[in-house]
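Trainee: A predicted structure for the sequence below; I have some questions about it.
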Amino acid sequence: MITRRSLLAGTAALAAAPLLPRRAVTAGADPEIMEAALARVQIAPEGYPQTEIWGYGGAVPGTEIRVAQGSRLRRRLINSLPQPTSLHWHGIRIDNAMDGVPGVTQEAVRPGGEFLYEFDLPDAGTYWYHSHNQSYEQVARGLQGPLIVEEADGPDADRDEVLVLDDFRLDPETGQIAAFGNMHDFSHGGRTGNIAVTNGAFNKTLAVKHNERLRLRLINSSNARIFALELRGIEGWIVALDGMPLEAPQPITERLLLASAQRADLIVDVTADDGGEAHLVRFEGEEGFSQVLFEVRGQASVARRGPPVPLPPNADMAVTGLDDALRSRLHMEGGAMRGFASARMDGRDVDFREAAQAMNFWAFNGVVGMPEEPLFVAERGQTVRVEMRNDTMFPHAMHLHGHHFREVLPGGGLGPLRDTLLMFGDETREIAFVAHNPGDWVFHCHMLSHAASGMMTRIKVLA
């Protein structure tokens, strides 16, 4: 059974919220303005008040940025918010100074201030941008948007649709974003919402045609929700993960898990009959909800059959030299029901109770929050292997800035290129990558409440 309803406590399903206008923009000679400011939009179903958000361009998600591979992006951030902010360009192999991490690559932009971001875009793929200052709050308030870098020779598809999957925790009486700083969110699975949206809209609907071939770019921009997704009335293939093309399209035969910050590019064919419906289904346990409804109206002029050809690979992404790699370990501790015996916080050893009183619940290698020394220092071009052990009760989406990595699989094989790896409780996994990008790069859990309460470290790549 597929259900379309609001998850606001004590409310019944109402009509879908109207879509907000979007426009694609391209890189130009002069920097375009990205103003971070307060706005009001319709997130809850109609009949509820509009919700006050913090957004770019008065919308959530922010305006889609769509540019050509190899171009140069220039954007001037203007901060009209009551808090300092910054912009992180998630998944892009970027110059370190443009990475947008306060305290590591730049100072946070004060209210009324501005910052010019300017960098090249070497890789085609599906990426996104978001605040990296108090991100557990600012991203959840709406400071995020899609960044699409187009291949010179794209796939054979009728349409290209970007679907930003998110959730909001709204007060069921007022329709406003609920308060932050909840101890349960920080110490358990993170902040999850009570209403799931696509491109800022509850009960998103798209018109399609029977036999139409679509490229669907899925982006999980939520704070902590793991989207478990299935296709109904649609069949297709995964062609890219976290922006990086797969060597061969992978048929979609089971549920697709997208952790916070992960992306997946799909090529799909609409198999539902004219006049029928297809769905992108979101599962919560074993109960299915229509995340996106595809209304099938008409027939495509050309019916394609068989898998698509692979997307063109991005350059210089090989992971070699595993036998001689620099090796490192990352041990995750903390959280509810486990805690830790002792960890370093603010220059001294504390127990879990004292750390929790300061709203810190997690530790990497016995350190709460950003350490004084990096996890490791690598020479430029050196291969690195990091073994990660999740000694907690909760999943964590581990994101590495400035690089993509491959998982080292049992038996020595390598998984697909990713920038964010979902690790469940009590799992041990290993990643490998070539440290090609000089600078200090943050490595953290992208369940953003977890990052804010201890799960943050960095690596250093020498020039």
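Mentor: Sure, I can see it.
Trainee: quick one: pLDDT of the residue nearest to R389 when sequence neighbours are not counted?
Mentor: Setting aside the residues directly before and after it, R389 is nearest to T428 in space (CB to CB, 6 or more residues apart in numbering), at 4.7 Å. For the C-beta atoms, the positions are set from N, CA and C on the backbone; glycine is no exception. T428 carries a pLDDT value of 98.
Trainee: distance of T428 from V386?
Mentor: 11 Å (CB to CB, to the nearest Å).
Trainee: Show the model's pLDDT score for the closest residue in space to F119 that isn't next to it in sequence.
Mentor: Distances taken as CB to CB, 6+ apart put M98 closest to F119, at 4.4 Å, once the chain neighbours are dropped. Per-residue confidence (pLDDT) for M98: 98.
Trainee: And the strands in the stretch 51-200 of the chain?
Mentor: 51-56, 65-68, 72-79, 88-90, 114-120, 125-130, 144-150, 159-168, 195-198 (DSSP state E, counting those that start in this stretch).
Trainee: need those strands in TSV with distance to R338 and mean neighbour count, can you?
Mentor: Shown next, in TSV, are these (distance: least, CB to CB, whole Å; neighbours: other CB atoms under 10 Å):
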stretch	distance to R338	mean neighbour count
strand 51-56	34	23
strand 65-68	40	18
strand 72-79	38	18
strand 88-90	29	25
strand 114-120	39	16
strand 125-130	29	25
strand 144-150	30	22
strand 159-168	26	21
strand 195-198	29	24
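Trainee: Out of those strands, flag the one nearest N390.
Mentor: strand 88-90 (21.8 Å; CB to CB).
Trainee: contacts for that closest one?
Mentor: Residues from elsewhere that reach strand 88-90 (CB atoms under 8 Å, 6 or more residues apart in numbering): 73, 98-101, 117, 119, 127-132, 135, 147, 261, 399, 401, 419.
Trainee: tell me which element the closest residue to T205 other than its chain neighbours falls in.
Mentor: Nearest residue to T205 in three dimensions, chain neighbours excluded: L293, at 4.6 Å (CB to CB, 6+ apart). Assigned by DSSP states H and E, L293 belongs to strand 287-299.
Trainee: now for the helix or strand following that strand, which elements pack on it?
Mentor: Downstream of strand 287-299, the first helix or strand assigned by DSSP H and E is strand 326-334. Applying 3 or more CB pairs under 8 Å, 6 or more residues apart in numbering; DSSP states H and E, we find strand 326-334 packed against strand 362-364, strand 382-390.
Trainee: Just say which of those strands is most tucked in.
Mentor: Among these, ranked by average contacts under mean count of other CB atoms under 10 Å, first place goes to strand 362-364 (a mean of 27).
Trainee: Centre of the chain to the helix or strand following it, how far?
Mentor: Next in sequence after strand 362-364, counting helices and strands by DSSP H and E, comes strand 377-378. For strand 377-378, the distance from its own C-alpha centre to the chain's C-alpha centre is 26 Å (CA atoms, centre = their mean, to the nearest Å).
Trainee: any idea of the mean pLDDT in strand 377-378?
Mentor: pLDDT averaged over strand 377-378 gives 98.
Trainee: can you check stretch 307-324 too?
Mentor: 96.
Trainee: re earlier: may I see the strands of the stretch 51-200 of the chain arranged in CSV, with mean pLDDT and distance to I459 as well?
Mentor: Listed next are the strands of the stretch 51-200 of the chain as CSV, based on pLDDT from 0 to 100; distance: least, CB to CB, whole Å:
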stretch, mean pLDDT, distance to I459
strand 51-56, 98, 29
strand 65-68, 98, 27
strand 72-79, 98, 24
strand 88-90, 98, 16
strand 114-120, 98, 20
strand 125-130, 98, 20
strand 144-150, 98, 23
strand 159-168, 98, 29
strand 195-198, 98, 34
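Trainee: out of those strands, which comes closest to P438?
Mentor: Between P438 and these, the tightest spacing by CB to CB is seen for strand 114-120, at 14.0 Å.
Trainee: helix/strand/coil for the closest residue to V104 other than its chain neighbours?
Mentor: Nearest residue to V104, sequence neighbours excluded (CB to CB, 6+ apart): D440, at 5.4 Å. Here D440 is recorded as strand under DSSP: H, G, I helix; E, B strand; the rest coil.
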